[in-house]
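Student: predicted model follows, preceded by the sequence.
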Number of protein chains: 2
Amino acid sequence: MSDLPKRISIKEEGPREGFQFEKGVIPAARKIALIDSLSQTGLKQIQTVSFVPAKNVPGMADADEVVQGFRRAPGVSYTALWLNERGLERAIDSGKLDIKGILTLTASEKFLLRNQKRNLAENLAALPGLIAMYKKHEVPVERVSIAAAFGCNFEGDIPVATVVDMSRQLVEMGRDYGLDVKVLSLADTMAWATPQSIRRVVGAVREAFPELQISLHLHDTRGMGVANAYAGLEMGVAMFDAAVGGLGGCPFAAHSGAAGNVCTEDLIFMCDEMGIESGVDLEALLETARLAEDIVGHPLPGAVKSGGSLRRLRQKIAGEPVVA
Amino acid sequence: MSDLPKRISIKEEGPREGFQFEKGVIPAARKIALIDSLSQTGLKQIQTVSFVPAKNVPGMADADEVVQGFRRAPGVSYTALWLNERGLERAIDSGKLDIKGILTLTASEKFLLRNQKRNLAENLAALPGLIAMYKKHEVPVERVSIAAAFGCNFEGDIPVATVVDMSRQLVEMGRDYGLDVKVLSLADTMAWATPQSIRRVVGAVREAFPELQISLHLHDTRGMGVANAYAGLEMGVAMFDAAVGGLGGCPFAAHSGAAGNVCTEDLIFMCDEMGIESGVDLEALLETARLAEDIVGHPLPGAVKSGGSLRRLRQKIAGEPVVA
């Protein structure tokens, strides 16, 4: 029937996604409260901030303060995003983050030109410099990723062959430079994916690179997030980025509507109900989702935080005490 | 890989679902406007109202006026719901509806006791009376259905065997009374289904009754609507109930949060992108979804009405005139 994994791991992107995307000012203390609340849910990887210039992303002006403020919980990996050496150095200097390198190519040249003023060849040619930077700072690089892998608001549909070719470029680059690349992340940056294209692209990449773990970064702009995650699960994908409450969106992707990542708690709910372990306590995560909603001050798209878990209902029906 | 159908048919439930569920008063003229707008999208079946006592469902007090008001479009089947002979007679007397009988059993005895003050045996024993009523009024019965087929807020999980047994009771009842039963509708009345339980239940029922078409009625209370529909498509299901904008919810099901049916336009978007025909013009339906949102006066959960279709983006990217 399918290759449903027994266990998945989630990289929680809510803080970074949300704080870069929300228009209103969110005090650092509340950002810290969200990260600390996420730390208590069983999530093992939390992406906290972006170290990017405040003039580009005003919501990240307090990134250093946020990182200094949260309490590291045991067993949780706290990460950040950066776009250049200055950002990486800020992340390293914080002394509180798990510094992990990533090599990214973008499948859409038009998006790349618009977002980074580079063409595809220039994007590829920039990677050795990035690798040198990581080596200089002794940062491990286990993950490569492809942005806009399922389609692009500026370029349109992306051929599967493009994604496979770029994956090969990344894998070869990793091999040539002696990196230990383990994970290939495919990002549906602009919410073009459907379950069918997830199956098609993941299938092609899995066949070409059976040694790599595949991770999916999904946006829910067109309501396909959970269905796409399910299609990924069916293809054996066991690593997902997700955002509590469905926070977020790329500020440069010309999104309209709800632009966030697939909602963490809705994804965990689905996995819980299908017997796929995540290590996350759904009830705790639902509380955190309600906190996220309170922090941003408007409804977030996640459904289970309103609809409620079935575990609670089952306990109530069985006459058991309802345990959080 | 899967049994994805080439074509699906949608029963649009938005008017009935929405007008029974919304708390505010919606003028009949606006209900009529929604039905007329839906009629122009390519949808071929629209459930318009419930003929139920106004004291039970105040939003349906104007059902007769609404039915008199809409303009029948060629090729569209307009249906209604009723719970007794008085309701059926009102539907027949309207002279404007396509009167189709349905036999329903509820998989959850606790829900049935609460909702209809009947146990399972009494529910089954009531069917011959219902069939007699349909025969008296010369109403064809081609559809049988099972409510709460995937779980119940009052009873909990529903065994697959219960659904198969009830399906058999319905099929045998149909045969014994000379009905031409063609469709078995499985309703996830209280949003307990996951893609896995959809596959499990649909698989069991499909194997037991290969001669029947299976239809799914899905609620999106826990964000699983589109993923569940996809799982249904993978199992060859080609008939779905859906509600424009994600309108609705059963007023007696103790829902919280967004309680509506799977959102029609999000489902159509997914099918369009996967090459599954529905006969529905997505752009027209998105306009209707925005009208539905305007009518109810609050945001509805559907995503594509905000996120936009990809067809429009592809036209823009190709430099073609953007056609509605």
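Tutor: Arrived safely, thanks for sending.
Student: packing partners of the helix or strand bottoming out on mean pLDDT in chain A?
Tutor: For chain A, using mean pLDDT, DSSP states H and E, the weakest element among its helices and strands is helix A:14-21, scoring a mean of 87. Counting contacts by 3 or more C-beta pairs under 8 Å, 6 or more residues apart in numbering or on different chains; DSSP states H and E, helix A:14-21 packs against helix A:28-39, strand A:45-51, helix A:282-296. For glycine as for every other residue, the C-beta is placed from the backbone atoms N, C-alpha and C.
Student: now for the longest one, which elements pack on it?
Tutor: Helix A:282-296 sits against helix A:14-21, helix A:28-39, helix A:264-273, helix A:304-307, helix A:310-317, with contacts defined as 3+ C-beta pairs under 8 Å, 6+ apart.
Student: can you point out the buried residues in the shortest one?
Tutor: Spelled out, that is helix A:304-307. Residues A:Val304, A:Lys305, A:Ser306, A:Gly307 are the ones in helix A:304-307 that count as buried (16 or more other C-beta atoms under 10 Å in any protein chain shown).
Student: so what touches the least confident helix or strand of chain A?
Tutor: The contact list for helix A:14-21 (C-beta atoms under 8 Å, 6 or more residues apart in numbering or on different chains) reads A:26, A:31, A:34-35, A:38, A:46-50, A:52, A:57, A:59-60, A:66, A:80-81, A:242-245, A:247-251, A:259-261, A:264, A:292, A:296.
Student: which of those count as buried?
Tutor: A:26, A:31, A:34-35, A:38, A:46-50, A:52, A:57, A:59-60, A:66, A:80-81, A:242-245, A:247-250, A:259-261, A:264, A:292, A:296.
Student: number of nearby residues for A:Glu13?
Tutor: When counting by other C-beta atoms under 10 Å in any protein chain shown, one arrives at 26 neighbours for A:Glu13.
Student: cool, and the one 10 residues further on?
Tutor: Each residue near A:Lys23 was counted by other C-beta under 10 Å, and the total is 10.
Student: hang on, A:Ile214 in a strand?
Tutor: Yes - secondary structure of A:Ile214 (DSSP: H, G, I helix; E, B strand; the rest coil): part of a strand.
Student: state the pLDDT value of it.
Tutor: Listed pLDDT for A:Ile214 reads 98.
Student: equivalent analysis for A:Met1, please.
Tutor: A:Met1 is assigned 49 on the pLDDT scale.
Student: contacts only, for A:Leu120.
Tutor: So A:Leu120 contacts A:Leu105, A:Thr106, A:Glu109, A:Leu112 (C-beta under 8 Å, 6+ apart).
Student: and if we set it to 6 Å?
Tutor: Contacts for A:Leu120 (C-beta atoms under 6 Å, 6 or more residues apart in numbering or on different chains) come out as A:Glu109.
Student: then A:Val237?
Tutor: For A:Val237, the contacting residues are A:Ile214, A:Leu216, by C-beta under 6 Å, 6+ apart.
Student: please spell out which residues along stretch A:69-89 are buried.
Tutor: A:Gly69, A:Phe70, A:Ala73, A:Val76, A:Tyr78, A:Thr79, A:Ala80, A:Leu81, A:Trp82, A:Gly87, A:Leu88.
Student: between the residues you listed, which is nearest chain B?
Tutor: Each of the buried residues of stretch A:69-89 was scored against chain B by C-beta to the nearest C-beta, and A:Leu81 proved nearest at 23.7 Å.
Student: does that closest one touch A:Ser50 like I think?
Tutor: Yes - with contact defined as C-beta atoms under 6 Å, A:Leu81 counts as touching A:Ser50 (4.4 Å).
Student: hmm, B:Asp157 and A:Arg314 touching each other?
Tutor: No - between A:Arg314 and B:Asp157 there is no contact under C-beta under 6 Å: 7.5 Å.
Student: who touches stretch A:103-117?
Tutor: Against stretch A:103-117 from outside (C-beta under 6 Å, 6+ apart): A:118-120, A:123, A:127, A:144-149, A:152, A:154-155, A:158, A:162-163, A:166, A:170, A:252.
Student: 8 Å instead, please
Tutor: For stretch A:103-117, the surrounding residues in contact (C-beta under 8 Å, 6+ apart) are A:118-120, A:123-124, A:127, A:130-131, A:141, A:143-149, A:152-155, A:158, A:162-163, A:166, A:169-170, A:173-174, A:179, A:181, A:189-190, A:252-253.
Student: what of stretch A:150-165?
Tutor: For stretch A:150-165, the external contacting residues (C-beta under 8 Å, 6+ apart) are A:107-111, A:114, A:146, A:148-149, A:186, A:188-190, A:192-193, A:197-198, A:200-201, A:204-205, A:208, A:253-254, B:310, B:313-314, B:317-318.
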